[in-house]
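Undergrad: Have a look at this prediction, sequence included:
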Amino acid sequence: MSRIRVRIPLALVLVSLLALGASSCTSRETEGPATSDKQTALATKLVGYDLRRIRPGAYETSLADTFERVRKQALAQGKTITVLFGADWCEACRTLDVELGNVHPEQAIGHVRIFEFKEEDWLAASRMDELNALRSRWYPIINTYPVFVLLDAEGKPVEEMRDAIDRFESLDIEPSLVNWFTSFRDQANLDANAGLAFP
């Protein structure tokens, strides 16, 4: 009889224990002020990715105008913007879709809004020219998926996912969406403290 080994990331185990209310070795009175409880709750609150799929609509303006409108709304809400171009036939896109269905600590991913564009939606509406025009703003090669780009506040590309993977691997850091999103949140905090503009 063979054994099946399941690897569970340590972070998932820790978050699960915190969510279940693992007991502490100290009494309530010696734990510190109540604000630390609120900070712990924020750090461990699990949320899904803020994913908005942009589809062609019957009475919609051009895709470029629609994107600018939703991008500005997200910026007004304090979100960092990413765009994701994918296709249902793309194996890597399906793998990415699985990750996008996961939950993570709000502090790690809650600051990012992902605008997703699926090839099939735009092909069916005979509007692939609009989709390719929008995509070429940030990534010049068409018919390559997935394309996942982090944008600055002006809508200019900061980093594409493939470049982020290379950057993380060169630093011996696990390339993941959580690490990618967290690295830019941390950089934005550093830049804000230095008075520099960043998304």
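TA: Now that the structure is in, tell me what you want to look at.

Undergrad: State the pLDDT value of residue 187.
TA: We note a pLDDT of 65 for residue 187 in this prediction.

Undergrad: just residue 56 next, same as before
TA: The predicted local confidence for residue 56 is 88.

Undergrad: helix, strand or coil for it?
TA: The local conformation at residue 56, judged by DSSP: H, G, I helix; E, B strand; the rest coil, is coil.

Undergrad: Name the nearest residue to it, ignoring sequence neighbours.
TA: In this structure, residue 56 finds its nearest non-sequential neighbour in residue 125, 3.9 Å apart by Cβ to Cβ, 6 or more residues apart in numbering. Quick note: C-beta positions are derived from backbone N, CA and C, even for glycine.

Undergrad: what's the neighbour count on that neighbour?
TA: 16 (other Cβ atoms under 10 Å).

Undergrad: quick one, phi/psi of it?
TA: phi -90, psi 10 (degrees, to the nearest 10).

Undergrad: which residues in the protein form helices?
TA: Assigned by DSSP state H, the chain shows helices spanning 10-20, 34-44, 63-76, 91-100, 106-109, 119-124, 128-135, 161-170, 177-193.

Undergrad: Which residues does the shortest one contact?
TA: Same thing as helix 106-109. 42, 43, 45, 46, 47, 49, 50, 177, 178, 181, 182, 185 (Cβ atoms under 8 Å, 6 or more residues apart in numbering).
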